[in-house]
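Asker: A predicted structure for the sequence below; I have some questions about it.
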Amino acid sequence: MIIDNFQIFILYFNYQLSIYEVYNIKSRQAEEFINHQEILDTLEYAQANRNNRPLIESLIDKAALCQGLSHREAALLLECDEPELVQRIYHLAREIKRKFYGNRIVMFAPLYLSNYCVNGCVYCPYHAKNRTIPRKKLSQEEIRREVIALQDMGHKRLALEAGEDPRNNPIDYILESIRTIYSIHHKNAAIRRVNVNIAATTVENYRLLKEAGIGTYILFQETYSKEHYEALHPTGPKSNYAYHTEAMDRAMEGGIDDVGIGVLFGLVKSILSATYTKGIWFAGTGTVLTVLALLLCVGYNHTAYYPSTADLQSSLTLANSCSSKFTLTTMAYVSILVPFVLAYIVYAWRAIDSKPITVDEMKEDDHAY
Ligand code: SF4
């Protein structure tokens, strides 16, 4: 055990030394606090140590102190391949979450102010070159009506969304919209927290957002791989990787003390490594949670799943679209069958997977798809 601990110490010492040569986590320059080679080395380090029990156990003990982990340590815990240790990691994560956050889930409703955008993100239909969608920017009166409808559904927290367009969506428009939202007092209630998800901007603009009383500033960092980021964002201000990546530092300099990023975990490693197949777990978990959140939205508070643009109050909710007892009773019986259907899918999938199709079989197949 003494040798194990000594090895861990040497490993950790070497790693700390090497990191500070390539990585300056205190820097505010993207090219200094993100180093692509270090990302690749971190993934390799995690792969190489995924069964190193003494090292992983020492990291679990360190995590329990709640004083932070380095990126390499976090990567190794994510990559851990020892089932028993994985259970310990889950257990500790649950404990820490309860300790800091209690047993609660906070939901907020996205409110799109405008889909005008000058950027060219390849994955988004709002990109500037898309001439086939109608563009819309809500007036203050329309915002007021939307917020009241959301309040009627029980929402108390919002996330404002808007494309990046200095002419159509300038900072003044965002600030005016925030003022409008906070001024609404509907049925003796007001929106408690307006979170903002707008494009990376200047320290001065972040200061104005803070003065307007925003909650969290959210900015998605789709990937920290500069090469992939630039391929996904070929045109517009968002194509500037450094300006985008350094936005959170500017936001905090402007006085915003709560910032949130969205990282697409597992995406780049799936692209880089032909043998890496775990990306599906990040994507799959995200999909399940998203769908669950949507279903909960539909089920609770009479949230509309099919909004009416003519009359918001007439939008379809679970309650008013399942009005007959017959429908609800039938659906209750059908839902009892769900586990059997799932079991059949698993059975059929495994049966198909157990014998891979051969090249000869493909050649002989006369089906025309
Ligand atoms: S900046 Fe946002 S809204 Fe604009 S194209 Fe990119 S993802 Fe879409």
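Answerer: Sure, I can see it.

Asker: okay, which residue is most central for this structure?
Answerer: By Cα atoms, centre = their mean, the chain has its centre lying nearest to Gly262, at 4.1 Å.

Asker: give the contact list for Thr42.
Answerer: Shown in contact with Thr42 (Cβ atoms under 8 Å, 6 or more residues apart in numbering): His71, Arg72, Ala75. No exception for glycine: its C-beta is placed from N, CA and C like everyone else's.

Asker: Please repeat the previous calculation with a cut-off of 6 Å.
Answerer: Arg72, Ala75 (Cβ atoms under 6 Å, 6 or more residues apart in numbering).

Asker: Pull out the buried positions in the helix or strand His91 falls within.
Answerer: Assigned by DSSP states H and E, His91 belongs to helix 83-101. Across helix 83-101, burial judged by 16 or more other Cβ atoms under 10 Å covers Leu85, Arg88, Ile89, Leu92.

Asker: Present those as TSV; the columns should include pLDDT and distance to the ligand.
Answerer: Output for the buried residues of helix 83-101, formatted as TSV (pLDDT from 0 to 100; distance: Cβ to the nearest ligand atom, whole Å):
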residue	pLDDT	distance to the ligand
Leu85	96	38
Arg88	97	38
Ile89	96	33
Leu92	96	35
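
Asker: Same list (the residues you listed) but as JSON lines, adding distance to Ser308.
Answerer: Formatted as JSON lines, the buried residues of helix 83-101 follow (distance: Cβ to Cβ, whole Å):
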{"residue": "Leu85", "distance to Ser308": "52"}
{"residue": "Arg88", "distance to Ser308": "50"}
{"residue": "Ile89", "distance to Ser308": "46"}
{"residue": "Leu92", "distance to Ser308": "47"}
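
Asker: ok, which pair from those residues is furthest apart?
Answerer: Leu85 and Leu92 (10.3 Å; Cβ to Cβ).

Asker: And for whatever residue of the stretch 151-300 of the chain ends up closest to the ligand, nearest residue in space, chain neighbours not counted?
Answerer: Of all residues in the stretch 151-300 of the chain, Gly163 sits closest to the ligand, at 3.8 Å by Cβ to the nearest ligand atom. Distances taken as Cβ to Cβ, 6 or more residues apart in numbering place Cys117 nearest to Gly163, at 2.8 Å, with adjacent residues excluded.

Asker: residues near that neighbour, how many?
Answerer: Neighbour count for Cys117, taken as other Cβ atoms under 10 Å: 23.

Asker: can I assume it is in contact with Pro166?
Answerer: No - contact criterion Cβ atoms under 6 Å: Cys117 and Pro166 do not qualify, at 10.8 Å.

Asker: isn't there a helix covering Gly120?
Answerer: No - counting by DSSP: H, G, I helix; E, B strand; the rest coil, Gly120 is located in no helix; its state is coil.

Asker: Give me the neighbour count for the closest residue in space to it that isn't next to it in sequence.
Answerer: If the residues on either side of it in the chain are set aside, Gly120 comes closest to Thr235, at 3.5 Å by Cβ to Cβ, 6+ apart. For Thr235, the tally of surrounding residues (other Cβ under 10 Å) stands at 14.
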